[in-house]
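K.L.:
My questions concern the predicted model and sequence given below.
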Amino acid sequence: MKLKLSKTLPAAAAQAGISVATAYRFGHDPRLPSEKKAPRASRRPDPLVDIFEAEVVPLLQAAAGIRPVAIFDELRRRHAELEPGVRRTLERRIRAWRAVHGEEREVIFRQVHEAGRMGLSDFTEMGDLGVTVAGVVLEHRLYHFRLVCSGFEHAHVILGGESYVALAEGLQNALWSLGGAPREHRSDSLSAAFCNLDADAREDLTSRYNALCAHYLMEPTRNNRGVAHENGSIESAHGHLKSAVHDALLLRGAVEFADLAAYRRFIDEIVSRKNARNGKRIDAERTLLQPLPMARTCDYEETFVYVTSSGGFTLRKVFYTVPSRLIGHRLRVRLYDDRLDLLLGATLLMTLERGRGGANGKHGHVVDYHHVIHALRRKPMALLSLVYRDQLFPRDAYRLMFEFLREELAERAACKMMVALLSLAHDRSCEAQLAGVLADDLEHRRLPDINALLARFAPDPARLPEVSVQLAPLSSYDVLVASGMEVAA
């Protein structure tokens, strides 16, 4: 149209790249084709024309958080003639009404993250991955630590709940792996650790958490309860970490691990690969972290137990066996997430695997047959109705053999035979090899031959010769020293 002001119509059309006919058409009506179209009219009557303002709007005003599907169900109850397809129309109308007349919504403010300032901790469930350790499904979760600025991550496998012990152990592992501590530590995990405890326990737990942060010169903070996005820098990372673990398991082709240590190495490798991608940013933030103290602080709970005449003690609904020489003693127990350290005074006696009570409230058992085998030899019939009998057997082959013996022999003979097999495994240190022999006997449904097994796993420690070593008196060394000095002279 501008060219037409100074040129002829054919010349202007040629220069604009359109035909002369189109140029004449624009000359008579300069509107665009889209402007000539008549507005599209509704092809069917509006089903909500008499309902929305009269019934829907009052519901939205009275209950601001009501869902559109609930309003639709109520309208269908009042007006049976409404078709199911009206639901989408109603949802669009409600969404448009709320955009104009609805309440103000919460606004999420994006933050500028300062290097070296904040680290976040949280726990995430991992049971849905179906990981198994030694053939048993591993019910576990991950403690997850992350630096907000650089994205450094650390994960630690937790077997119990979101307790202070799990937080203290995981957090300290993360800080010592990182080589420094941020100025602020934020977590919502402690809420799960003490929300159902009484006032005294709640204050005790808070003081321990504050002491843990003070040891590393970190300011302890928490996000508001129920506001997940305030911890969003780690909540979103949970999903990425779980996806990475799931993908790694698929590439590995198996979810079975030989032991817990192998699974923990698997998790560490995944996290280290994620950190390698952010290596430059992590190295830059590491220089701004606070230095670590000289040593770690305690990451365990301490309590005392009394060893009863049953040859063990009960702690947190779990019975643990110990050597019978400790009966009557009061032991100090350091309770970690996955183990117990037993001390007599200040002397460390042993470390036991930590057990968990059953989900139905039943007591658990952590039993070592080496602790009680000497007593079973004197009372083999005790095996028949022993409370922790299934946990006493070190391997499945022993348990299955006892069931087979009870089918084939009288109860007394079956118990004596089973105790003899356990004694053999204990005395000759052949637990794994004997389990293989018992498995073969079970496959062929034959009774074990004790005499043949004693000969096979010889020698008997009681028949080993005593070796007497005659030590030379210390004065003999003085003669050697003197003679050596004479030779040198």
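P.N.:
Happy to help now that I have it.
K.L.:
Show me the chain divided up by domain.
P.N.:
Structurally, the chain divides into domains by automatic domain parsing as follows: 3-36, 52-101, 118-286, 301-366, 369-463.
K.L.:
mind giving me a markdown table with the ones you listed and columns for distance to L292 and mean neighbour count?
P.N.:
In this view, the C-beta of every residue, glycine as well, is placed from N, C-alpha and C. Listed next are these as a markdown table, based on distance: least, CB to CB, whole Å; neighbours: other CB atoms under 10 Å:
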| stretch | distance to L292 | mean neighbour count |
| --- | --- | --- |
| domain 3-36 | 68 | 12 |
| domain 52-101 | 48 | 13 |
| domain 118-286 | 6 | 17 |
| domain 301-366 | 21 | 15 |
| domain 369-463 | 40 | 16 |
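K.L.:
Make TSV out of those domains and add mean pLDDT and distance to P293.
P.N.:
Shown next, in TSV, are the domains of the chain (pLDDT from 0 to 100; distance: least, CB to CB, whole Å):
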stretch	mean pLDDT	distance to P293
domain 3-36	81	72
domain 52-101	90	49
domain 118-286	84	6
domain 301-366	91	20
domain 369-463	91	39
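K.L.:
quick one, which of those domains is nearest to Y477?
P.N.:
domain 301-366 (33.8 Å; CB to CB).
K.L.:
Would you quantify the distance from L129 to A174?
P.N.:
Distance of L129 to A174, computed by CB to CB, to the nearest Å: 22 Å.
K.L.:
what's the closest non-adjacent residue to P394?
P.N.:
The shortest distance from P394 to any non-neighbouring residue, by CB to CB, 6 or more residues apart in numbering, is to E431 (5.6 Å).
K.L.:
Test my guess that G358 contacts E139.
P.N.:
No - the pair G358 / E139 is not scored as a contact, 11.6 Å apart, by CB atoms under 8 Å.
K.L.:
Make sure the residue nearest to P394 is actually in contact with S423.
P.N.:
No - using CB under 8 Å, E431 is not in contact with S423; the gap is 11.5 Å.
K.L.:
quick revisit: could I get the domains of the chain as JSON lines with distance to V481?
P.N.:
Shown next, in JSON lines, are the domains of the chain (distance: least, CB to CB, whole Å):
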{"stretch": "domain 3-36", "distance to V481": "114"}
{"stretch": "domain 52-101", "distance to V481": "94"}
{"stretch": "domain 118-286", "distance to V481": "49"}
{"stretch": "domain 301-366", "distance to V481": "38"}
{"stretch": "domain 369-463", "distance to V481": "41"}
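K.L.:
closest to D478 out of those?
P.N.:
Closest among those, using CB to CB: domain 301-366, at 37.0 Å.
K.L.:
end to end, how far does the closest one reach?
P.N.:
End-to-end distance for domain 301-366: 19 Å, by CA to CA, to the nearest Å.
K.L.:
Could you shift the numbering so residue one becomes 44, and keep it that way?
P.N.:
OK, 44 is where the count begins now, so the last one is domain 344-409.
K.L.:
still on that earlier bit, OK, contacts around the residue nearest to P437?
P.N.:
437-438, 468 (CB atoms under 8 Å, 6 or more residues apart in numbering).
K.L.:
Then F500?
P.N.:
By CB under 8 Å, 6+ apart, the contact set of F500 is 467, 471, 473, 476-477.
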